[in-house]
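*Asks:* Below: sequence and its predicted model.
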There are 2 protein chains.
Amino acid sequence: MLADVSETISRDGGSKVPRGITISRVASEARVSPATVSRVLNGDPRVGEEYRIRVMSAVEMLGYRPNRLARNLRRQRTATIGVLVSDIKNPHFSEAVHALERLAFGRGHQVLVCNTDETPEKERAYLETMIDERVLGVVLSTSNPGEPTITTLIDSGIPVVAFDREVADPRADAVIVDNIRASRMATERLLAAGHTDIAFVSGRTEVETGIERMQGYDLAMRAAGLEPRVVLGGFRAELAHDAVTELLREDPRPTGLVVANNLMTLGTLRALHEAGVRVPDDIGIIAIDDPPWAPFVSPPLTCVAQPVDRMAADAMELLLDRVDGRRDQPRRIVQPLELRVRASCGTGTGAAKT
Amino acid sequence: MLADVSETISRDGGSKVPRGITISRVASEARVSPATVSRVLNGDPRVGEEYRIRVMSAVEMLGYRPNRLARNLRRQRTATIGVLVSDIKNPHFSEAVHALERLAFGRGHQVLVCNTDETPEKERAYLETMIDERVLGVVLSTSNPGEPTITTLIDSGIPVVAFDREVADPRADAVIVDNIRASRMATERLLAAGHTDIAFVSGRTEVETGIERMQGYDLAMRAAGLEPRVVLGGFRAELAHDAVTELLREDPRPTGLVVANNLMTLGTLRALHEAGVRVPDDIGIIAIDDPPWAPFVSPPLTCVAQPVDRMAADAMELLLDRVDGRRDQPRRIVQPLELRVRASCGTGTGAAKT
DNA sequence: ATCCGTCAAGCAACCGATTTCTTGACGCGT
DNA sequence: ACGCGTCAAGAAATCGGTTGCTTGACGGAT
């Protein structure tokens, strides 16, 4: 890891910095060659102390800032990390982007944010852009695991880390959570609280995460010898609202509810309120995802949280390991989930679990 | 270490190099000069039809993609737009970023997202990076209007659009809302509903938006001959929660509440719920900002919405006008606010909406 | 004393597209 | 016929760092 001088230039003294000072200008000022200036600036250890000082003071005095565009061309890569998500408005992703941005910044990198709105075409266009831009690496939550451009990306030597959703290309790294376990934990918690009629508000069953979360619920119910009861919410608030409204009209009304993501939870809460159903007295709820508003709604929401910050840290580490050539083999990290018990699930069997 | 296969075959050999098809390769394939290829690709009209076709088919056949890094160096600028906000997790900004991203994408640009966490140092570092990267333009919501680097940015010919918060440099464009009016509208709505004891949960009074929103409330109250009643929430959920809890203990308990942003609204709702205060029966609430969860809490929240999408569109237009040299003089756009009446403010005047 | 290895520093060839400046061809007016 | 303007296309000079290769100096080994 080479020290980058651009980190240390933060003097605001002469805010009137004339642009267009090149490395050779610095070189002639310091009476050395451009090559030596370059080496000093990139922390090459083979430069004598005297020269280093001469160069640094010339840099300082001229207020020189290396032209990154030239560097990029020569190196055939940038210091930018591409982050591709389906919807940055979803708290899950905005937290992820926030964390990734912070980590990248700490290492002197920038973040190119790409929003796919869940459309494969846009995803592909962005991935192609990333190849064109020679980004340093990509963290992505794909809408299309089999997307061939992902393979092209890896072929061109750009490391890829799948976030949340795995990709087909086996060379990519991945940071995911055990979605099956997430909904199983939620369901089991309600079971332990004595509920026997627990329904599941499912996401999109075309998406991996959607399927898995349903499976986890299914598993838990069947293990308890109970019949699953699923309504479709398509990972969207409105749909979930309608589906739950419908559900509440059915005769044996469920006493427990597991909701597969934060958007649908909003719709669900609204439906419950409209129907005059009290939480947790009439019905216990556990949601997957732990959005910022979860502790603040009434009653505070019990959630199965994904450790987004941790996942982001893992993703960045996997990425930079590849970039720095510290690793060749793909890795797959599965992060544990955390059940955050608040009031919405009722007070079944104590709040022992963390 | 990885891609050393790029050993150039500059010895005339000219065999098919799989990696890196350059413009001159296309040129020789099309039996024209690189200059002509470049012109065709950039839509220069002075190229004959026959040549255009030859070039395009060579491009097609070789699957040529221009090296953007080279283009960037030559042009001394990129196609990237910098977007700098204080907190991308705040729905207000994630909506803005989302909208900006979408607009940029439509015009073939990328978005570099910068999160300052409200720290001037990080903001400055990012602005310097943007200068180094020669971004096409910057949309920013500054934490420090007087930041000298903003001036440096403009000096280096990079257009700047202030978003939400104005900047000191008069050459920057701006897209803002009338914050004073926002809180005045909210307050007046409660006044019209017959409330006389309305309190205000204020944001940070060191920030422009914080001050203005307080002023608007103040104005409305005094105009009605009523005494203002302000508690400080510092734009944060927890602080607002504590402040409101305190407020509710006071003897003439207010019957109306105006909250200065979405985060504090969460804290406020929680405090109300804990105190067993019913909304809107015991107390009417109007919030500034219209976060996605507003229609879903109980009761649905009346909000003064900022037209974020519209603001983003304006910002992008202002920016691209500058980039394309269509305008020289700074412009300042003030967007109107929208009162979205839902249940939380009670049924004073006018009809309720979902 | 000669040679070789080592190390520091410089030279110059890149990276690949853009763009200015030329050149050459053609047409038309005098 | 000559000359000038117009237009299309090419040659070549950038843009500004980086880095492989070379040179020169110095010290130790032979």
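*Replies:* That came in fine, so what should we check first? Numbering: from 1, shown residues only, chains lettered A, B, ... in the order given.
*Asks:* Can you name the residues in contact with the host helix or strand of residue A:212?
*Replies:* Assigned by DSSP states H and E, residue A:212 falls within helix A:208-223. Applying Cβ atoms under 8 Å, 6 or more residues apart in numbering or on different chains, the set of residues contacting helix A:208-223 from outside is A:145, A:164-166, A:179-188, A:191, A:198, A:200, A:202-205, A:227-228, A:230, A:235, A:258, A:260-261, A:288. C-beta coordinates here come from the backbone N, C-alpha and C atoms, glycine included.
*Asks:* mind listing which of the residues you listed are in helices?
*Replies:* In this view, the contacts of helix A:208-223 that belong to helices under DSSP state H are A:179, A:180, A:181, A:182, A:183, A:184, A:185, A:186, A:187, A:188, A:191.
*Asks:* quick one: which of those is most hemmed in?
*Replies:* Within those, most neighbours by other Cβ atoms under 10 Å in any protein chain shown means residue A:186, with 31 neighbours.
*Asks:* Any figure for the gap between it and chain B?
*Replies:* 20 Å (Cβ to the nearest Cβ, to the nearest Å).
*Asks:* partners of the closest residue to that residue other than its chain neighbours in the sheet?
*Replies:* If the residues on either side of it in the chain are set aside, residue A:186 comes closest to residue A:286, at 4.1 Å by Cβ to Cβ, 6 or more residues apart in numbering or on different chains. Listed by DSSP bridges, the beta-bridge partners for residue A:286 are residue A:258, residue A:302.
*Asks:* Give me the distance between residue A:286 and residue A:266.
*Replies:* Distance of residue A:286 to residue A:266, given as Cβ to Cβ, to the nearest Å: 15 Å.
*Asks:* Those two: who's more crowded?
*Replies:* residue A:286 (31 against 26).
*Asks:* Run through the residues that contact the more buried one.
*Replies:* Counted by Cβ under 8 Å, 6+ apart, residue A:286 has contacts A:186-187, A:189-190, A:256-259, A:302-304, A:339, A:344-345.
*Asks:* would TSV of the residues you listed with distance to residue B:211 and pLDDT be doable?
*Replies:* Converted to TSV, the contacts of residue A:286 look like this (distance: Cβ to Cβ, whole Å; pLDDT from 0 to 100):
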residue	distance to residue B:211	pLDDT
A:186	44	97
A:187	49	97
A:189	46	97
A:190	48	97
A:256	48	97
A:257	44	97
A:258	45	98
A:259	40	98
A:302	39	97
A:303	36	97
A:304	41	98
A:339	42	96
A:344	38	94
A:345	42	92
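*Asks:* nearest to residue A:136, of those residues?
*Replies:* For the contacts of residue A:286, the minimum distance to residue A:136 (Cβ to Cβ) is 33.1 Å, reached by residue A:304.
*Asks:* Tell me which stretches of chain A form helices.
*Replies:* A:23-30, A:34-41, A:49-62, A:68-75, A:91-106, A:120-133, A:148-155, A:179-192, A:208-223, A:237-249, A:262-274, A:308-323.
*Asks:* For the stretch 101-250 of chain A, what lies in contact range of chain B?
*Replies:* A:101-102, A:105, A:110-115, A:117, A:122, A:125-126, A:128-129, A:131-134, A:156-157, A:237 (Cβ under 8 Å from any Cβ of the partner chain).
*Asks:* can we see that at 6 Å?
*Replies:* Residues of the stretch 101-250 of chain A lying close to chain B (Cβ under 6 Å from any Cβ of the partner chain) are A:101, A:110, A:111, A:112, A:113, A:115, A:132, A:133, A:134, A:157.
*Asks:* Out of these, which two sit at the greatest distance?
*Replies:* A:115 and A:157 (25.1 Å).
*Asks:* Let me see the confidence value for the closest residue to residue A:228 other than its chain neighbours.
*Replies:* Excluding its sequence neighbours, the residue lying closest to residue A:228 (Cβ to Cβ, 6+ apart) is residue A:221, at 4.6 Å. You'll see residue A:221 listed with a pLDDT of 98.
*Asks:* What of the one 5 residues further on?
*Replies:* Reading off the per-residue confidence, residue A:226 sits at a pLDDT of 97.
*Asks:* and what of residue A:6?
*Replies:* pLDDT, read off for residue A:6, is 34.
*Asks:* and if you look at the one 10 residues further on?
*Replies:* In this model, residue A:16 is scored at 34, pLDDT.
*Asks:* what does residue A:2 give?
*Replies:* For residue A:2, the predicted pLDDT is 33.
*Asks:* what does residue A:206 give?
*Replies:* At residue A:206, the pLDDT recorded in the model is 88.
*Asks:* how much space between it and chain B?
*Replies:* 23 Å.
*Asks:* and that residue, what does it touch?
*Replies:* Listed by Cβ atoms under 6 Å, 6 or more residues apart in numbering or on different chains, residue A:206 has no contact partners.
*Asks:* Now do the phi/psi pair for it.
*Replies:* phi -90, psi -10 (degrees, to the nearest 10).
*Asks:* mind exporting stretch A:239-250 as CSV, just the C-alpha atoms?
*Replies:* Extracted C-alpha coordinates of stretch A:239-250, given in CSV (Å, rounded to 0.1, in the frame of the first residue of the first chain):
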residue,chain,number,x,y,z
LEU,A,239,-49.5,-4.8,-2.3
ALA,A,240,-48.8,-5.9,1.2
HIS,A,241,-51.5,-3.5,2.5
ASP,A,242,-54.1,-5.0,0.2
ALA,A,243,-53.1,-8.5,0.8
VAL,A,244,-53.1,-8.2,4.6
THR,A,245,-56.4,-6.3,4.5
GLU,A,246,-57.8,-9.3,2.7
LEU,A,247,-56.2,-11.7,5.1
LEU,A,248,-57.7,-10.0,8.1
ARG,A,249,-61.2,-10.6,6.7
GLU,A,250,-60.8,-14.3,6.6
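*Asks:* and the residue nearest to residue A:30 when sequence neighbours are not counted, what does it touch?
*Replies:* Of all residues not flanking residue A:30 in the chain, residue A:58 sits nearest, at 3.8 Å (Cβ to Cβ, 6+ apart). By Cβ under 6 Å, 6+ apart, the contact set of residue A:58 is A:26, A:29, A:30.
*Asks:* so how far is residue A:306 from the residue nearest the centre of chain A?
*Replies:* Centroid-nearest residue in chain A: residue A:96, 3.5 Å away (criterion: Cα atoms, centre = their mean). Noted for residue A:96: a distance of 9 Å to residue A:306, by Cβ to Cβ.
*Asks:* Please list the residues of chain A that sit near DNA strand C.
*Replies:* A:31-36, A:46-48, A:50-51, A:70, A:73-74, A:76 (Cβ under 7 Å from any atom of the strand).
*Asks:* from those, which two are the most distant?
*Replies:* A:50 and A:76 (32.9 Å).
*Asks:* out of those two, which sits in the more crowded spot?
*Replies:* residue A:76 (14 against 8).
*Asks:* For chain A, give me the ranges with low pLDDT.
*Replies:* Filtered on pLDDT under 70, chain A yields the residue ranges A:1-19, A:348-354.
*Asks:* domain assignment for it?
*Replies:* A:2-66, A:77-177+A:308-336, A:179-306+A:339-352 (automatic domain parsing).
*Asks:* Distance of the residue nearest to residue A:30 relative to DNA strand D?
*Replies:* 12 Å (Cβ to the nearest atom of the strand, to the nearest Å).
*Asks:* do you know how far that residue is from residue A:36?
*Replies:* Taking Cβ to Cβ, one finds residue A:58 at 11 Å from residue A:36.
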